[in-house]
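# Provided below are the primary sequence and the corresponding predicted coordinates.
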2 protein chains.
Amino acid sequence: MKTAEPLYWEDYAVGQRYPLGQTSFTETEIVAFAREFDPQSFHIDSGAAATSMYGGLIASGWHINAKLMRLFVDNYLDTRTSLGSPGVDKVRWLRPVRAGDTLTAWIECTAKTPSRSKPDRGVLHEKWLAENQRGELVVTIEGMGMVRRRPAAGAV
Amino acid sequence: MKTAEPLYWEDYAVGQRYPLGQTSFTETEIVAFAREFDPQSFHIDSGAAATSMYGGLIASGWHINAKLMRLFVDNYLDTRTSLGSPGVDKVRWLRPVRAGDTLTAWIECTAKTPSRSKPDRGVLHEKWLAENQRGELVVTIEGMGMVRRRPAAGAV
């Protein structure tokens, strides 16, 4: 969410769903990303892809993740309170993403953990989900974000 | 590994370490990737990055993963027997990667599981690790790959 006031760790609610928006894939960008980072034939060569187990060109899973990250930064991340991420868990590429597909993504807050060592911050556990234009789930990611806690009243 | 004969699921050994090679990061590519996929200020603006918690420009974690994927495809993946990946687990970005850093990466086979539903394939559990030029571990990923089993003698 993009809000006028900073969103602190306390402001996120377990069970809440937050929209990330939509992102579409063109053949040109699927091939460009894969040529640089994942040059398997079914990502870069529509002819070879047609006879592959995928039956046509598909986006690299890392490309899908990267485009979801862009939605996360544009539509969700609060740079005033974010303290980065130690990593992600359980990335699952459930269905192929093809040229012309549009993904709709959202985040669900699944758990909140105060930092044991640093009282100024907490961890948000966030499940990322993206569906294609047919309502089929195509990817899920279990993310973690470190977020500032709300300063105590009267504290500097 | 790139070998003359196809590498089947049976040919990978639990506990074995396989080299992925090296990859270096320039400021130009760090900024280009992040402008497209992860436009947080400490990935795209060296001035803002200098005053951030990272003390300078750092690569997006997704960029690091994508460049490791390129090493995986170039130096390890056997396209004759690979059947894709359902996902990855436990991505951990342990230390920042900066312009000028060179990562050396490898894969360790941590477990092998025959497919329960498809006797022609098995799953390889593979831990990806990358160190920087100071020998500091910067990222680990727990990957999974589906790989063809060796055809039985006499089978088509």
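Great, that's in hand.

# neighbours of the residue lying closest to residue A:79 once chain neighbours are set aside, how many?
Nearest residue to residue A:79 in three dimensions, chain neighbours excluded: residue B:40, at 6.7 Å (CB to CB, 6 or more residues apart in numbering or on different chains). Glycine gets a C-beta too; all of them are placed from N, C-alpha and C. For residue B:40, the neighbour count with other CB atoms under 10 Å in any protein chain shown is 20.

# look up the pLDDT of residue B:40 for me, please.
Looking at residue B:40, its pLDDT is 96.

# ok, now residue A:152?
The model reports residue A:152 with a pLDDT of 80.

# quick one: it from residue A:8, how far?
Counting by CB to CB, to the nearest Å, the gap from residue A:152 to residue A:8 is 11 Å.

# got it, and residue A:75?
Residue A:75 is 19 Å from residue A:8, where distance means CB to CB.

# next: residue A:72.
18 Å.

# who's more crowded, these two?
residue A:72 (24 against 17).

# wait, is the more buried one part of a helix?
Yes: under DSSP: H, G, I helix; E, B strand; the rest coil, residue A:72 falls within a helix.

# tell me if the worst-scoring helix or strand of chain A on mean pLDDT is near chain B.
Every helix and strand in chain A was compared by mean pLDDT, DSSP states H and E; the lowest is helix A:46-50, with a mean of 94. No: Helix A:46-50 does not reach chain B (CB under 8 Å from any CB of the partner chain); its nearest approach is 10.2 Å.

# residues from chain A in reach of chain B?
Counting by CB under 8 Å from any CB, chain A sits next to chain B at A:33, A:36-41, A:53, A:60-62, A:65-67, A:69-70, A:73-74, A:77, A:79, A:83-93.

# what about 6 Å?
Proximity of chain A to chain B (CB under 6 Å from any CB of the partner chain) is limited to residues A:37-39, A:62, A:66, A:69-70, A:73, A:87-93.

# phi, psi of the one residue sitting closest to the centre of chain A?
The structure's chain A has its C-alpha centroid closest to residue A:68; by CA atoms, centre = their mean the separation is 4.0 Å. As for residue A:68, its main-chain torsions (degrees, to the nearest 10) stand at phi -70, psi -40.

# for it, what are its contacts?
Going by CB atoms under 6 Å, 6 or more residues apart in numbering or on different chains, residue A:68 touches residue A:105.

# mind checking pLDDT for it?
Note for residue A:68: predicted pLDDT of 98.

# and stretch A:5-19, how far out from the chain's middle?
16 Å (CA atoms, centre = their mean, to the nearest Å).

# alpha carbons of that stretch, in PDB - could you do that?
What follows is stretch A:5-19, C-alpha atoms only, in PDB (Å, rounded to 0.1, in the frame of the first residue of the first chain):
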ATOM      1  CA  GLU A   5       1.700   8.200   6.800                       C
ATOM      2  CA  PRO A   6       4.500   5.700   7.200                       C
ATOM      3  CA  LEU A   7       3.300   2.100   7.700                       C
ATOM      4  CA  TYR A   8       5.000   0.500  10.700                       C
ATOM      5  CA  TRP A   9       5.200  -3.200  11.600                       C
ATOM      6  CA  GLU A  10       2.200  -2.700  13.900                       C
ATOM      7  CA  ASP A  11       0.100  -1.500  11.000                       C
ATOM      8  CA  TYR A  12       0.100  -4.800   9.100                       C
ATOM      9  CA  ALA A  13      -2.500  -7.300  10.100                       C
ATOM     10  CA  VAL A  14      -2.100 -11.100   9.900                       C
ATOM     11  CA  GLY A  15      -4.700 -12.500   7.500                       C
ATOM     12  CA  GLN A  16      -4.900  -9.200   5.600                       C
ATOM     13  CA  ARG A  17      -4.600  -9.300   1.800                       C
ATOM     14  CA  TYR A  18      -2.900  -6.400   0.000                       C
ATOM     15  CA  PRO A  19      -3.100  -5.900  -3.800                       C
END
